[in-house]
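1. Provided below are the primary sequence and the corresponding predicted coordinates.
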Amino acid sequence: MNIRLRHDTIVRSLRRTGTSTVDALAQEVGASRRTVLRDICALRDAGFVIHSETGPGGGVQLDPQSVQTTARLNVTEVFALLISVATMRAAQNLPFADLADAGLAKIEKALPSDKVRDLRRFLDCLHVGQLSPLQDISNIGPMDPALLPTFEVAFLEKLYLRFQYTDAKGAQTTREVEPQAMLILPPLWYLVAWDPARKDFRHFRMGRISQPECIPGKTFRHRHVPFEDDVCPLSEMNGPRS
């Protein structure tokens, strides 16, 4: 039985019986007691309210009104939703902005406290501004889907990033940098990083980055990024931050 099926079976069993024991649930799903305890923790993270009592007569109980409020969203997925809204707002192309903010606020409140902490730390790295009308945007390419989850680990754990970068002339180089911020100038997205080889900040067009990976054990310190006056952190914009 796979993880999702186990989770669904546990929820259905608790709704049907009201209260059960970890041992009984383990027998029902054909897994170890330790696995079921991990499953219960995961279900709580997903928004289910599950009570537990130890001792004789104790067991595991699911709140009858409990539902899966987070829809299995992880930090990266919520972050992607937030930056999508922020990008559309910066481009002045966000109808129903209040409804979008209200929905995102509900999602954030449904996240476990540790995931909210990681989300806000991730958002602190995000800055939004206005693109210069003189900027050439004729060669915008697609972004590697691996970028965002790799960035999450790199930013939260302060790990160096290694990636292949293709410049405007088509030349490709391998870069190892300290990721300090993400900058969105709709429709362009940049990784702002300190480049030790050049001893300066560099802006890397995200659509030109490929094969991103964190370098385990190689950490860095946070640096102040000298943004232009019209660039602001997402935390200063209207959004689901409390």
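-> Nice, I can see it.
2. residues in contact with residue 40?
-> 10, 22, 50, 52, 60 (C-beta atoms under 8 Å, 6 or more residues apart in numbering). C-beta here means a position set from N, CA and C on the backbone, and glycine is covered the same way.
3. could you rerun that using 10 Å?
-> Neighbour list for residue 40: 7, 10, 14, 22, 25, 48, 50, 52, 60, 62 [criterion: C-beta atoms under 10 Å, 6 or more residues apart in numbering].
4. again with residue 155
-> Residue 155 neighbours (C-beta under 10 Å, 6+ apart): 118, 121-122, 124-126, 161, 179-182, 214, 222.
5. which helices and strands does the lengthiest strand in the chain pack with?
-> Criterion DSSP state E: the longest strand present in the chain is strand 172-185. Packing partners of strand 172-185 (3 or more C-beta pairs under 10 Å, 6 or more residues apart in numbering; DSSP states H and E): helix 75-90, strand 126-128, helix 147-157, strand 159-166, strand 188-195, strand 200-205, strand 209-219.
6. which element follows the first one toward the C-terminus?
-> In this case it means helix 75-90. Next helix or strand after helix 75-90 toward the C-terminus (DSSP states H and E): helix 97-110.
7. what's the average pLDDT for the helix or strand following that following helix?
-> As assigned by DSSP H and E, the chain's next helix or strand after helix 97-110 is helix 113-123. Helix 113-123 shows a mean pLDDT of 84.
8. buried sites along helix 113-123?
-> Buried residues in helix 113-123, counted by 16 or more other C-beta atoms under 10 Å: 115, 116, 118, 119, 122, 123.
9. got TSV for the helices and strands packed on strand 172-185, with mean pLDDT too?
-> Shown next, in TSV, are the helices and strands packed on strand 172-185 (pLDDT from 0 to 100):
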stretch	mean pLDDT
helix 75-90	78
strand 126-128	89
helix 147-157	92
strand 159-166	96
strand 188-195	94
strand 200-205	95
strand 209-219	95
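10. residue 1: which of the ones you listed is closest?
-> Nearest to residue 1 among the helices and strands packed on strand 172-185 is helix 75-90 (24.9 Å), distances taken as C-beta to C-beta.
11. from the contacts of residue 40, which ones fall inside helices?
-> If you go by DSSP state H, the contacts of residue 40 have 7, 10, 14, 22, 25 in helices.
12. how many other residues sit next to the residue lying closest to the third one once chain neighbours are set aside?
-> In space, and not counting its chain neighbours, residue 14 is closest to residue 62: 3.7 Å by C-beta to C-beta, 6 or more residues apart in numbering. Neighbourhood size, residue 62 [other C-beta atoms under 10 Å]: 23.
13. surely residue 62 and residue 47 touch.
-> No: using C-beta atoms under 10 Å, residue 62 is not in contact with residue 47, being 11.7 Å away.
14. what about the residue lying closest to residue 201 once chain neighbours are set aside, neighbour count?
-> Distance criterion C-beta to C-beta, 6+ apart; nearest residue to residue 201, sequence neighbours excluded, is residue 194 at 5.8 Å. Residue 194 has 19 neighbours, counted by other C-beta under 10 Å.
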